[in-house]
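Asks: My questions concern the predicted model and sequence given below.
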Amino acid sequence: MDREKTSNSSGRKRRTVTLRDIGLATGYSANTVSRSLADKPDIAPETKEKIRKAAEQMGYIVNASASFLRSGVSRIISIIVGDISNPHFSVMVKEMQTLLQKKGYTCVIFNTEEKPALEKQAIVTSLSQNVDGILICPCPNGEENIAFLRSHHTPFVLVGRRFFTQDTSYVICDDEGGGYLATRYLLTMGHRDILFLNGPGGISSSAERLLGYQRALEEANVPYRSALVRTVPIISGKMEEKILQALEDGISYTAILAFSDLVAWQMICLICRRGQSIPKDYSVIGFDNIKTMYPLRLTSVSSSKTTMARRAVELLLGKLEHRSEEEKHFVLETRIVEGDTVSRRG
């Protein structure tokens, strides 16, 4: 029997409204009430409507645990991301949540701060709550967490990143292609000394964008200089110190390729704080193409965040509806969106 504890205005627990209570109020059995609230086809529409109205008036709340025990389905999806304050993630999370709500799912959102321990905690909590599936952007060096998740056989899809050591379903953008396009674009604008502010190791997008950066340099016969590749934190508010080091240690460069638009904007702010300007003194290109209200439009690598979210939801729903064991992979194309932050050198 479904039951949920409620409280009155004084904070004291009041009696729980049960299916039997609704049955007594409407003249139906508890079984009929249960089947009406579950929208079973063998119950007349007028009966369902009468019971639903009574349930709402009486303050009835479905006990999710009891429902799961009966059906094995919770209608809950867990969304796990590294930094919800990053617009790149927040846009995707909003799209995922909207799509899943239309399919009758409730979403629970976790923020990991890109830390494996917090990610593991989010996964364990999700499994303990019997979620039907998980959409997860794995944190750096999170292979063990994903292996743990796989061992519990709850359907999941990786979003934005992948691990080459594990065959899992994922939706990512063409990170190597994006790194290549951005670097080639700067090269065609006359830049030869290009600083790459890359994300941390243990992230597929960092490794693949670096490959694209190196490939473009090689094609242009520009020597690769490891001193021009710097690793910076990708969490909001934690990257300034590393970026300052790149500005102050005397390395010569005329253009900057940033791992994300957040890193790019942080770099631009620090450059302007030093009395220099963009793109007169430095050209800057980001990655993510986040829309802002800033008067300066950032040149950026774009892949559709809504498409990535939509594909990920479709993949997960396919796993849930068809119980398919097949792992599927989507790699979305990238392109350059020109703004005001890159100028031709010379």
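Replies: On my side now, so go ahead. Numbering: from 1, shown residues only.
Asks: Domain map for this structure?
Replies: 6-70, 72-173+305-334, 175-303 (automatic domain parsing).
Asks: So Pro200 belongs to a strand, correct?
Replies: No - counting by DSSP: H, G, I helix; E, B strand; the rest coil, Pro200 is not part of a strand but coil.
Asks: Ends of stretch 168-184, what's the gap?
Replies: 31 Å (Cα to Cα, to the nearest Å).
Asks: you'd agree Lys305 is up against Ser90?
Replies: No - the pair Lys305 / Ser90 is not scored as a contact, 9.5 Å apart, by Cβ atoms under 8 Å. C-beta: built from backbone N, CA, C; applies to glycine.
Asks: So which of these two has more stuff around it?
Replies: Counted by other Cβ atoms under 10 Å, Lys305 and Ser90 do not tie: Lys305 has more neighbours, with 23 against 16.
Asks: wait, what's in contact with that one?
Replies: Going by Cβ atoms under 8 Å, 6 or more residues apart in numbering, Lys305 touches His88, Val91, Met92, Glu95, Asp288.
Asks: pLDDT at the third one, what is it?
Replies: Just to be clear, that refers to Met92. On the pLDDT scale, Met92 is placed at 95.
Asks: Nearest residue to it in space, please, no chain neighbours.
Replies: Ala309 (4.3 Å; Cβ to Cβ, 6 or more residues apart in numbering).
Asks: Please, where are all the helices along the chain?
Replies: For the chain, helices defined by DSSP state H occupy the ranges 19-26, 30-37, 45-58, 64-71, 87-102, 116-128, 143-151, 175-188, 204-219, 240-248, 261-273, 305-322.
Asks: Can you say which of those is nearest to Thr254?
Replies: In terms of Cβ to Cβ, the element of those nearest to Thr254 is helix 175-188, at 8.7 Å.
Asks: Just put the contacts of Lys305 in a markdown table and tack on distance to Ser36.
Replies: Formatted as a markdown table, the contacts of Lys305 follow (distance: Cβ to Cβ, whole Å):
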| residue | distance to Ser36 |
| --- | --- |
| His88 | 43 |
| Val91 | 39 |
| Met92 | 37 |
| Glu95 | 33 |
| Asp288 | 47 |
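Asks: And the furthest pair within the residues you listed?
Replies: Going by Cβ to Cβ, the pair spanning the contacts of Lys305 furthest: Glu95 and Asp288, at 14.4 Å.
Asks: Settle it for me: which of these two has more neighbours?
Replies: Legend: neighbour count by other Cβ under 10 Å for Glu95 and Asp288, higher for Asp288 (24 against 19).
Asks: which residues does Phe259 contact?
Replies: Counting by Cβ under 8 Å, 6+ apart, Phe259 has contacts Leu197, Asn198, Gly199, Ser205, Ser206, Arg209, Val232, Ile234, Phe287.
Asks: The residue nearest to it when sequence neighbours are not counted: neighbouring residues, count only.
Replies: In space, and not counting its chain neighbours, Phe259 is closest to Gly199: 4.2 Å by Cβ to Cβ, 6+ apart. Look at Gly199: counted by other Cβ under 10 Å, it has 25 neighbours.
Asks: where's Gly199 relative to Gly82, distance?
Replies: 10 Å (Cβ to Cβ, to the nearest Å).
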